[in-house]
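Chemist: Generate a structure from the sequence data that follows.
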Amino acid sequence: MKLDEKQNYLVYINPLNKNYKGEIVYEFLFSKQNDVTGDDWDITPSSSGEVTPPKIDDLDFVGTLTTNHIELNLVLNSDDFGMYDAMENIIALGWETDTPEYQERLVFHYGETLESVKNKLYTREIEFDINEIE
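Modeler: As a prediction, this is how the structure comes out:
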């Protein structure tokens with residue numbers, strides 16, 4: 001499958017905790033469809049359910065972000081909003097917890113293109129690995 005950064009949409013951010021170096025690891029899941037969901041996406045708030053990522057058959061690429069530069073708040077941990085709120089852009093899938101004064105806060109929305117996510121991370125000189133989901 002050819003990677004087309006403009007036709008792959010962010011549908012989920014999966015926190016993977018910290019690695020042995022103390023770096024935070026996130027999976028950014030992308031799909032060629034911008035309307036995929038997982039289990040319990042209809043529950044509000046997200047934190048009261050067992051929200052799951054979309055099914056693997058609906059996913060095309062995963063971007064792994066390993067960083068000690070940023071920490072993200074995620075809608076899936078929200079006490080106020082649900083995943084459908086993120087699909088409707090009422091709230092982002094994830095946003096930077098603390099932002100340096102001189103920089104714009106990193107915010108990642110449901111349906112945002114892979115190209116857009118890469119460009120936002122590039123402004124902070126942060127790269128992430130992109131792999132095809134097989």
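Chemist: For the closest residue to residue 26 other than its chain neighbours, list the residues it contacts.
Modeler: Spatial nearest neighbour of residue 26, chain neighbours left out: residue 65 (4.6 Å); criterion: Cβ to Cβ, 6 or more residues apart in numbering. C-beta coordinates here come from the backbone N, C-alpha and C atoms, glycine included. By Cβ atoms under 8 Å, 6 or more residues apart in numbering, the residues touching residue 65 are 25-28, 121, 126, 128.
Chemist: Tell me the helix or strand right after the top helix by length along the chain.
Modeler: Counting by DSSP state H, the longest helix found in the chain is helix 114-122. Using DSSP states H and E, the helix or strand that directly follows helix 114-122 along the chain is strand 129-132.
Chemist: Format the CA atom coordinates belonging to that following strand as PDB.
Modeler: Provided in PDB are the C-alpha atoms of strand 129-132 (Å, rounded to 0.1, in the frame of the first residue of the first chain):
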ATOM      1  CA  ASP A 129       8.000   6.400  12.800                       C
ATOM      2  CA  ILE A 130       5.300   5.500  10.300                       C
ATOM      3  CA  ASN A 131       4.500   1.900   9.600                       C
ATOM      4  CA  GLU A 132       1.900   0.200   7.500                       C
END
